[in-house]
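In: pasting a predicted model and its sequence here:
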Amino acid sequence: MRITLGFLFFYAAIGKLFMGKAPPVEKIITFLPKETSVMLLAIVELVIGLLLIFGLITKIAAWASAVLFAIFLLSGLALGIFTQSGLVKDIPLLAMSLYFAFKGCTGFGLDCLIRKL
């Protein structure tokens, strides 16, 4: 589950960086140019994704993930684009993020390996 969540973030970051798939960030972050906002969001998503994939500082990465999903959901509600933009799928992803934020690394991951040493 953690690796799947990490790959979702990784894929979203690659989409923003190389495929031009950008959400309407200019409506949320009005004080930065759209390109800058998209680039920063992509970098944050890439870092969170890689940390979750490898299971490194899982709790912190999962809390960052949960905060991002909460921002996405609240922004979608505030802008009135919750259902059109498919943000309903983010609710279970938020739940997954919260699970790992509280539980940490379970099973395979660098956190578990380090803990065993």
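Out: Everything's here; your move.
In: the strand or helix carrying D90 packs against which elements?
Out: Using DSSP states H and E, D90 sits in helix 90-103. Counting contacts by 3 or more CB pairs under 8 Å, 6 or more residues apart in numbering; DSSP states H and E, helix 90-103 is packed against helix 2-18, helix 58-79. The way it works is simple: take the backbone N, C-alpha and C, and place the C-beta from them, glycine included.
In: nearest to M96, out of these?
Out: M96 sits nearest to helix 2-18 of all the helices and strands packed on helix 90-103, at 5.2 Å, using CB to CB.
In: let me see the contact set for M39.
Out: By CB atoms under 8 Å, 6 or more residues apart in numbering, the contact set of M39 is K16, L17.
In: how about 7 Å then?
Out: M39 is in contact with no residue at all, counting by CB atoms under 7 Å, 6 or more residues apart in numbering.
In: that older thread, L46: which of the helices and strands packed on helix 90-103 is closest?
Out: Closest to L46 of the helices and strands packed on helix 90-103, according to CB to CB: helix 2-18, at 3.7 Å.
In: follow-up on the earlier one: output the helices and strands packed on helix 90-103 as TSV; include the columns mean neighbour count, distance to P33 and mean pLDDT.
Out: TSV is the format used below for the helices and strands packed on helix 90-103 (neighbours: other CB atoms under 10 Å; distance: least, CB to CB, whole Å; pLDDT from 0 to 100):
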stretch	mean neighbour count	distance to P33	mean pLDDT
helix 2-18	18	15	88
helix 58-79	18	18	87
